[in-house]
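Colleague: Take a look and give me a structure for this.
(2 chains)
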Number of protein chains: 2
Amino acid sequence: MSWTLAARAAKMNPSVIREILKVTEQPGIISFAGGLPSAKTFPVAEFEAACAKVLRSDAPAALQYAASEGFGPLRETVAADLTRHSAAAGVPWAVDPAQVLITTGSQQGLDLVAKVLIDAGSRVLVESPTYLGAVSAFMPMEPDIQDVANDGEGIDLADLRAKAGAGNGSGSAARFLYVLPNFQNPTGRSMSEASRAGLSQTAAELGLPLVEDNPYGDLWFDRPPPAPLSARHPAGGIYLGSFSKVLAPGLRLGYLVAPAAVYPKLLQAKQAADLHSPGFNQRVIFEVMQNGFLERHVPTIRALYKAQRDAMLQALAEAFPDGGDPDRSLTWNTPAGGMFLWARLPKGMDAVQLLPNAVARGVAFVPGAPFFAGAADPRTLRLSFVTPSVAEIHRGVAALADAIRAQQS
Amino acid sequence: MSWTLAARAAKMNPSVIREILKVTEQPGIISFAGGLPSAKTFPVAEFEAACAKVLRSDAPAALQYAASEGFGPLRETVAADLTRHSAAAGVPWAVDPAQVLITTGSQQGLDLVAKVLIDAGSRVLVESPTYLGAVSAFMPMEPDIQDVANDGEGIDLADLRAKAGAGNGSGSAARFLYVLPNFQNPTGRSMSEASRAGLSQTAAELGLPLVEDNPYGDLWFDRPPPAPLSARHPAGGIYLGSFSKVLAPGLRLGYLVAPAAVYPKLLQAKQAADLHSPGFNQRVIFEVMQNGFLERHVPTIRALYKAQRDAMLQALAEAFPDGGDPDRSLTWNTPAGGMFLWARLPKGMDAVQLLPNAVARGVAFVPGAPFFAGAADPRTLRLSFVTPSVAEIHRGVAALADAIRAQQS
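Modeller: Predicted coordinates:
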């Protein structure tokens, strides 16, 4: 049988992370490797009540084919919440429900963006490092992905200007910059207010569209993050959001907000991709969100994850008392929200090489190198702090320290 | 803002059917236009019990991120059911659960097939006419779609040979033939046993992969259809199935079965597209299917749809007593299952022109022309018989006859 695969199939590869997770998901291993929300935060009783209510009151519609745009009341809720949150963050953004498209997880938003905006060879800019799932979603459309340096506060604007325009030899301008401003996966870092303002202005000057991914923005620990980039220039960006981190990933619901210049094509791509996201799930999520549920529920997630982060910071400080010396010790950042902490091994070490030794000592993490679209920093690693218990965090960090010291000596 | 769209975006257009449905979905209109299963067939109580059971027994896994392949027990059930059904149809097919990929509706299966098998300019063969949603899913990958004639029993093999090979000037062989053998959308027609055997053998000789779509196969009225094409040559085809017509579309779950030559790439495309289909929904469907539920439930759908088809056939026979003359009368087929009947207007008439006059008389249908990838037959139309009541079927067919006669006179 003559199966001739599309050229793009050669660019589809098993996720490196996924392959790593297979190795690390052994019984007894303390895993800082996963990217899973804590199942403790899933509002199970509320889901059960919502399922029953939807099926008793609205089954013929909930179980039927439906509009590709999504369930109207859910789109209105998304628009109202974004409008309220950005106003509270000081940058009013009047989101029209007509610009909201419900997606099958925010991952699907990335797939639709890729289909509508990427030709083979199109330059696409990403952060350094960036979310690997976005690269996986873009790759089938065969872009030329280039990473833009980070200046510690956010995108390095000089590097962005150098890489965004048509005048750098490639003949055409970058199609967009993909950016995850809040508690980024993999680094946990966030863009400052000044960095957002500068990026928004620079992107507008360059005519460079922004694709802003915000799965973690609600998971802040001490104060809400600055307003989204999309609020600052709604015509210049596509905003991606998710219910996975504030309710549950297993219903696979996210959304995007897109300006009129691209919404109709994203909608058509959505229709061709899966007709619509499950109408039943959309109604269940909508029901669960009634009466301000998220305002009561999300603070409990924030408190849990903050305590988990604190435990990891404490364990790291204990296990690496010389943590100030980046040549001799592990160093790490202090994420202000989200699920991940970013660490860096002592000089000369490589996280990929360390991993089997760490797993042998009972702890797993994800090496940072796969997250770099350009030159990788082999010393980096991602530590998720949300799923292990506090005791496991302490044991796991101690085991990680053992593995590092064994390799150092 | 400089939004540069991908070239493929120009090939994404609003579904013609969808636009037609907007016109026809007015209050008081009897609609033969939709492609919706009857909501009467949705097992609502069973869904409610299954939701509660899944959330009480398995919430942490059901609501969490999960494997892209799908929920293992559901994949096993799909494999076992396909194995049992094809054995009963006389062509043993041992489906391995490892070859089953759960998709977000079978529409997503078409999107994944397109990504993995179609390059820009690749020749893709379809039936004449064919399911429009498949064309919509294929178009973003920019194929050269060509239709193959139908000989009344199935694919015209001489036309297939002429169009499949590398030697017809286009320089390379067709990537696959997309075929919907059972109670096809839009025509309601089915391929005979002889036609399936001939197509399977010819495709194998030609080395032409088959993409076999079977959303309606369980909805037979008098006897089960012949065994699937994929059972006859599993290495040569991708099989697409759906839970939408036997349980409910609103959970958006389907599946594909693919040989080892393409499964890994389809899986990677799936992972990039939406990570995985909702794990909650997969468990709910699995629970509903326990204890042979479909063996009790699907016969009730068959009985309902058969009665609906009979009502439409009777109404047509009454409204068009000269139904034997294709020049002067509407003519129609007798589908042996599924949801659709295919009709043809008298000589010189055009279904697109007739539609507004029919809607003015209170009845809607879908013109057949949009379903043709090649030269269209403008006299054809698709009539869905599953959602209107029997009384509405009679009134609607009478109104259709009025509209036709008004245009004839």
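
Colleague: could you point out the longest helix in chain A?
Modeller: Taking DSSP state H as the criterion, chain A has its longest helix at helix A:293-319.

Colleague: Tell me the buried residues in that one?
Modeller: Neighbour-count burial for helix A:293-319, counted by 16 or more other CB atoms under 10 Å in any protein chain shown, picks out A:293-294, A:297-298, A:301-302, A:305-306, A:308-309, A:311-313, A:315-316, A:319. Bear in mind the C-beta positions are built from the backbone N, C-alpha and C, glycine included.

Colleague: Off-centre distance for it?
Modeller: Here helix A:293-319 shows a centroid-to-chain-centroid distance of 18 Å under the convention CA atoms, centre = their mean, to the nearest Å.

Colleague: Which neighbouring elements make contact with the following helix or strand past it?
Modeller: On the C-terminal side of helix A:293-319, the nearest following helix or strand under DSSP states H and E is strand A:331-332. On a contact count with 3 or more CB pairs under 8 Å, 6 or more residues apart in numbering or on different chains; DSSP states H and E, strand A:331-332 meets strand A:340-344.

Colleague: Buried residues, the helix or strand following the strand it packs on. List them.
Modeller: Per DSSP H and E, strand A:340-344 leads on to helix A:351-360 as the next helix or strand towards the C-terminus. When burial is assessed from 16+ other CB under 10 Å, helix A:351-360 yields the following buried residues: A:351, A:354-355, A:357-359.

Colleague: With distance to chain B and pLDDT as added columns, please give the residues you listed in JSON lines.
Modeller: Converted to JSON lines, the buried residues of helix A:351-360 look like this (distance: CB to the nearest CB, whole Å; pLDDT from 0 to 100):
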{"residue": "A:A351", "distance to chain B": "23", "pLDDT": "96"}
{"residue": "A:L354", "distance to chain B": "25", "pLDDT": "96"}
{"residue": "A:L355", "distance to chain B": "21", "pLDDT": "94"}
{"residue": "A:N357", "distance to chain B": "27", "pLDDT": "94"}
{"residue": "A:A358", "distance to chain B": "23", "pLDDT": "95"}
{"residue": "A:V359", "distance to chain B": "21", "pLDDT": "93"}
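
Colleague: Please render these as CSV that adds distance to B:A260 to the earlier fields.
Modeller: Listed next are the buried residues of helix A:351-360 as CSV, based on distance: CB to CB, whole Å:
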residue, distance to B:A260
A:A351, 33
A:L354, 35
A:L355, 30
A:N357, 35
A:A358, 34
A:V359, 30
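
Colleague: Could you find which two of these are furthest from each other?
Modeller: Within the buried residues of helix A:351-360, two members stand farthest from each other by CB to CB: A:A351 and A:V359, at 12.3 Å.

Colleague: lowest confidence element among the helices and strands of chain A?
Modeller: helix A:16-24 (a mean of 71; mean pLDDT, DSSP states H and E).

Colleague: Pull the residues that contact the very next helix or strand once past that helix.
Modeller: Next along the chain after helix A:16-24, taking DSSP H and E as the criterion, comes strand A:30-31. By CB atoms under 8 Å, 6 or more residues apart in numbering or on different chains, the residues outside strand A:30-31 that reach it are A:24-25, A:362-364, A:384, A:387-388, A:392-393, A:395-396, A:399.

Colleague: Residue ranges of each domain in chain A, please.
Modeller: Domain assignment for chain A, taken from automatic domain parsing, gives A:7-42+A:295-408, A:65-293.

Colleague: Output those domains as a markdown table; include the columns distance to B:K40.
Modeller: Listed next are the domains of chain A as a markdown table, based on distance: least, CB to CB, whole Å:
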| stretch | distance to B:K40 |
| --- | --- |
| domain A:7-42+A:295-408 | 33 |
| domain A:65-293 | 15 |
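
Colleague: With respect to burial, which of these scores highest?
Modeller: Greatest average neighbour count among those goes to domain A:65-293 (a mean of 22), per mean count of other CB atoms under 10 Å in any protein chain shown.

Colleague: Show the average pLDDT along that one.
Modeller: The predicted model assigns domain A:65-293 a mean pLDDT of 96.

Colleague: From the chain's centre, how far out is that domain? Work that out for me.
Modeller: The chain centroid and the centroid of domain A:65-293 are separated by 10 Å under CA atoms, centre = their mean.

Colleague: thinking again about what came up before, B:S242: which of the domains of chain A is closest?
Modeller: In terms of CB to CB, the element of those nearest to B:S242 is domain A:65-293, at 11.0 Å.

Colleague: Straight-line length of that closest one, end to end?
Modeller: Criterion CA to CA, to the nearest Å; first-to-last residue distance in domain A:65-293 is 28 Å.

Colleague: ranges for the helices of chain A?
Modeller: Going by DSSP H, chain A shows helices at A:16-24, A:44-62, A:72-88, A:105-117, A:132-138, A:157-164, A:193-206, A:229-232, A:263-274, A:279-288, A:293-319, A:351-360, A:390-408.

Colleague: The longest helix of chain A near chain B anywhere?
Modeller: No. With CB under 8 Å from any CB of the partner chain as the criterion, chain B is not reached by helix A:293-319; the gap is at least 13.5 Å.

Colleague: helices and strands around that helix, which ones?
Modeller: So helix A:293-319, by 3+ CB pairs under 8 Å, 6+ apart, packs with strand A:340-344, helix A:390-408.
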